[in-house]
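Visitor: Here is a sequence together with a model predicted from it:
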Amino acid sequence: MLLLAGALALSACKTTAPKELPPEPGPATTTTAPAGPTGPVAGSQADFVAKMMGADTIYFDTDKYDIDAQDQQALARQAQWLMQYSNKRATIEGHADERGTREYNLALGERRANAAKNYLVSLGVDASRLSTISYGKERPVALGSNEQAWAQNRRAVTVTVD
C-alpha cells in the first residue's frame, strides 16, 4: 500500500515537455521608447523625455514647493513641447523625500505638482490638459537616508499621456 501511494505521488509530479518551446529571448526592448526611422515617435512619451533631456523633472528644496529660476526654464521647455503637440495631455507627479509622515508628504507632493501645473498654465498650456497626482514618499528614485538621496526625491515629474 505504501509503495502504491508513493508511486501515485510521483506520477502526479510528472512533467511532460511542451509541444512547442517558447522563443529564445531576443535583445532587450523597451515599451517606453517607441522608435521611428530616426528615433522616438514624434509626440510620444519617449519623444518628450528625449527632447527634455532631464527637464521633465524639477526639484525642490526641503519642505518647499516654490518654482525657482531653474524650474522655470525646465517648465518653459515642457510648455513649448506641450503646445507643439496640442492633442497630448500630461500628468504631473509630485514627490517628497522619506522624512515626515505619509500624510504630510502626500500633501507636500500635491503642492509641488500643483505649483508645476500652475506655472505651465501661466505659460499658455490649457489647464484641462494637465492633471496632478501626489505619490508623497512612496516612489523614491534614489534610495538612501542622506541629503543626496533626499534631494533627488523632492521633485515633480511631468509624464505625457494619450
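Guide: Here it is on my side, so go on. Being a predicted model, the structure only gives us computed values, none of them experimental.
Visitor: mind checking how far stretch 96-111 is from the chain centre?
Guide: Chain-centre distance of stretch 96-111: 17 Å, with Cα atoms, centre = their mean, to the nearest Å.
Visitor: ugh, typo on my part, it should be stretch 118-128
Guide: Going by Cα atoms, centre = their mean, where stretch 118-128 is centred and where its chain is centred differ by 21 Å.
Visitor: buried residues in it?
Guide: Neighbour counts over stretch 118-128 (16 or more other Cβ atoms under 10 Å) mark Asn118, Tyr119, Leu120, Val125 as buried. C-beta coordinates here come from the backbone N, C-alpha and C atoms, glycine included.
Visitor: Need the distance between the two termini of it.
Guide: Stretch 118-128 has an end-to-end distance of 12 Å (criterion: Cα to Cα, to the nearest Å).
Visitor: contacting residues around that stretch?
Guide: By Cβ atoms under 8 Å, 6 or more residues apart in numbering, the residues outside stretch 118-128 that reach it are 67, 71-72, 75-76, 78-79, 82-83, 90, 92, 117, 130, 158.
Visitor: what do you get for stretch 153-162?
Guide: 44-45, 48, 56-62, 64, 78, 82, 85, 88-98, 112-113, 115-116, 120, 137, 140-142.
Visitor: does Ser145 really touch Asp97, like I thought?
Guide: No. Counting by Cβ atoms under 8 Å, Ser145 does not reach Asp97; the two are 9.2 Å apart.
Visitor: The two: which has the busier surroundings?
Guide: Neighbours were counted for Ser145 and for Asp97 using other Cβ atoms under 10 Å; Asp97 has more, 24 against 9.
Visitor: from memory that one sits against Pro140, does it?
Guide: Yes. Counting by Cβ under 8 Å, Asp97 touches Pro140, with 7.5 Å between them.
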